[in-house]
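Visitor: Sequence and predicted structure, then a few things I'm wondering about:
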Amino acid sequence: MRLTTFAAAAATAAIMAAGGGTAGAAERLTLVHPFSNALIYTKSCKLMVDKINKAGAGVVEVAVRGGPEAIKTMQQAPAVRDGVVDMSCVPAAFYAATIPENEAISTSNASPAHVRQRRHGDHRPASPEVLQ
């Protein structure tokens with residue numbers, strides 16, 4: 001469920017970035033992944049790509065350029081920043097020096113479901129029973 005939601009959000013963001021798409025021509029985005037094909041992180045990333053391509057058929061297409069053999073793992077975040085590729089499935093911690101706010105995701109003690117339920121506006125600490 002969470003991957004489907006993320007895939008839909010990523011496809012929507014890509015479509016908006018492409019100006020809504022043009023009739024007959026899908027916006028083509030490129031993606032790299034930081035780990036070997038055998039790892040679950042890469043399998044999840046490729047599953048997300050499949051879902052985006054299915055949901056965005058005719059509007060957006062994500063092409064996987066490869067993994068660390070295409071762009072070294074620690075060079076993928078700068079490659080996205082510099083426009084070499086459009087997307088990467090790198091963990092948020094890999095962007096810590098560039099986007100320190102990402103550490104809030106990694107270190108939060110509240111689940112994404114809890115944050116969504118609280119509508120992002122109430123920043124009081126969560127009670128322990130809600131975090132379980």
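Guide: Structure's in. What do you need?
Visitor: Show me the strands in this structure, by range?
Guide: For the chain, the strands defined by DSSP state E cover 27-32, 60-66, 87-88.
Visitor: Can you name every helix or strand that the shortest one contacts?
Guide: Here strand 87-88 touches strand 27-32, helix 76-81, going by 3 or more Cβ pairs under 8 Å, 6 or more residues apart in numbering; DSSP states H and E. The C-beta positions use only the backbone N, C-alpha and C, and glycine is treated the same way.
Visitor: How far away from the center of its chain is it?
Guide: 7 Å (Cα atoms, centre = their mean, to the nearest Å).
Visitor: Show me the contact partners of it.
Guide: With contacts defined as Cβ atoms under 8 Å, 6 or more residues apart in numbering, strand 87-88 is touched by Ala10, Leu29, Thr30, Leu31, Val32, His33, Pro34, Val62, Gln76, Ala77, Ala79, Val80.
Visitor: quick one: which of those is nearest Pro91?
Guide: Within these, the smallest distance to Pro91 is 7.7 Å, found for Pro34 (Cβ to Cβ).
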